[in-house]
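# Build the 3D model from these lines:
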Amino acid sequence: MADTHFDLSFDGTLVPDADPLVVHQQLGALFRLDDAGVARLFTGRTVLIKRAVDAATAAKFERAFVQAGAVLAITPCTPDEMKESVAGHGDTDANRMTAVADTPSLMLAPQEDFLEPPRIAKMPDLDLSSLSLVSSPDWTLEDCQPTVAPAPVADISHLALVDIDIPKTQDLNNTE
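Next up is the predicted model:
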């Protein structure tokens, strides 16, 4: 029984009374999937999660799925499937591609396409009207120094200098 391995698959079945939105979020967090990846799990078709895992790994995945609110299907592998799985790990690309092509729930992307759509970054509106390019080929970094406005000169015309009368104080050395 220690040699028995299992295939883990998911067809979108939820635990009774499970909230679908919460299950989607939990599975997305569990597998670190975006919304499109989670949607691929709930297409109605059976999705192969792991192939040829041991009983401990299968139990660990089953617990994780039940905690998330989903039902994981665990099916024992036949010896032929085990040989295919082991042979596929070190085999040529052609053997791996045929194994993937034979699986009905997986599809290969065209060679020239990207696997994910490009992300659109929202850039803030920046005012670049004050910027210009240096057109002269003999520019230096000193040309990039900002001009410093001179400090305003204070108006001191209303001030005047006067003599200060210092009162005579007793001499400290004289003890009279």
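# Only C-alpha atoms from now on, for both contacts and neighbour counts.
Will do.
# mind listing the helices for the chain?
20-31, 35-41, 55-68, 79-90, 93-102 (DSSP state H).
# Packing partners of the third one?
Counting contacts by 3 or more CA pairs under 8 Å, 6 or more residues apart in numbering; DSSP states H and E, helix 55-68 packs against strand 6-10, helix 20-31.
# would you turn the ones you listed into a markdown table with mean pLDDT?
Shown next, in a markdown table, are the helices and strands packed on helix 55-68 (pLDDT from 0 to 100):
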| stretch | mean pLDDT |
| --- | --- |
| strand 6-10 | 90 |
| helix 20-31 | 88 |
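# so which of those comes closest to Val47?
strand 6-10 (5.2 Å; CA to CA).
# partners of that closest one in the sheet?
Strand 6-10 has its sheet partners listed here by DSSP bridges as strand 47-53 (antiparallel), strand 73-76 (antiparallel).
# will you turn the ones you listed into TSV that also has distance to Ser130?
Putting the strands paired with strand 6-10 into TSV (distance: least, CA to CA, whole Å) gives the following:
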stretch	distance to Ser130
strand 47-53	56
strand 73-76	63
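# Mind putting those into JSON lines with mean neighbour count?
As requested, the strands paired with strand 6-10 are exported to JSON lines (neighbours: other CA atoms under 10 Å):
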{"stretch": "strand 47-53", "mean neighbour count": "18"}
{"stretch": "strand 73-76", "mean neighbour count": "18"}
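# Looking at these, which is nearest to Glu62?
Comparing those by CA to CA, strand 73-76 comes nearest, at 8.2 Å.
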